[in-house]
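just coords:
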């Protein structure tokens, strides 16, 4: 997402632009420092890396640097075992999957998706817990690496492939809203 405007510039006549991010949620306090000192990114990108929620920061950056009618898609499994381990290592020093690390990942992912949905009218998500392991309670990392995950109807009777096709046809929609229950109010 950090480079989508550069890619789009290579195709100036393209009128149907979709930016898709898959399995990319990592919430950690290291991002601003990593972007500045390790990756040495441009100052315009660096000024957008303001929070521990990298995916939200990058989606906002992409939105500000892409044509107004760009569609932004994001898919994630809600108990992503690979990302849970990496987040646990970055935030707590241990590359492990525990009940606490699963719940932390899940809640932060849901909050991020909720924030993006509220702040970007052209953002659509696909969330699923398809294939949740009985052993450790995790789900797969990526859809595109597995034809089973890509083409099977893994959530709300929709496959990721069908969801992507609908977006390309100009009919994007959200899948997996069950994972974004309404926020309760204490009135």
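Looks like it arrived, so ask away. In this text, all values refer to a predicted model and were calculated from it rather than measured experimentally. Residues are numbered from 1 along each chain as shown.

just the strands in the protein please.
Counting by DSSP state E, the chain has strands at residues 18-22, 71-77, 123-128.

what's the lowest-mean-pLDDT helix or strand in the chain in contact with?
The weakest-scoring helix or strand in the chain, judged by mean pLDDT, DSSP states H and E, is helix 147-151 (a mean of 86). When contacts are defined by CB atoms under 8 Å, 6 or more residues apart in numbering, helix 147-151 is touched by residues 130-131, 140, 142-144, 159-161. Just so you know, the C-beta spots here come from the backbone N, C-alpha and C atoms, and that holds for glycine as well.

is it true that residue 72 touches residue 61?
No - using CB atoms under 8 Å, residue 72 is not in contact with residue 61; the gap is 11.2 Å.

Would you confirm that residue 130 contacts residue 156?
No - the criterion here is CB under 8 Å, and residue 130 misses it with residue 156 at 10.6 Å.

More neighbours: which of the two?
Counting neighbours by other CB atoms under 10 Å for residue 130 and for residue 156 shows that residue 130 has the greater number, 19 against 15.

got a list of what the more buried one touches?
77, 139-140, 149, 152, 154-155.

Arrange these in TSV, one row each, with neighbour count and distance to residue 97 as further columns.
Formatted as TSV, the contacts of residue 130 follow (neighbours: other CB atoms under 10 Å; distance: CB to CB, whole Å):
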residue	neighbour count	distance to residue 97
77	29	13
139	23	11
140	21	14
149	22	19
152	15	24
154	25	21
155	22	22
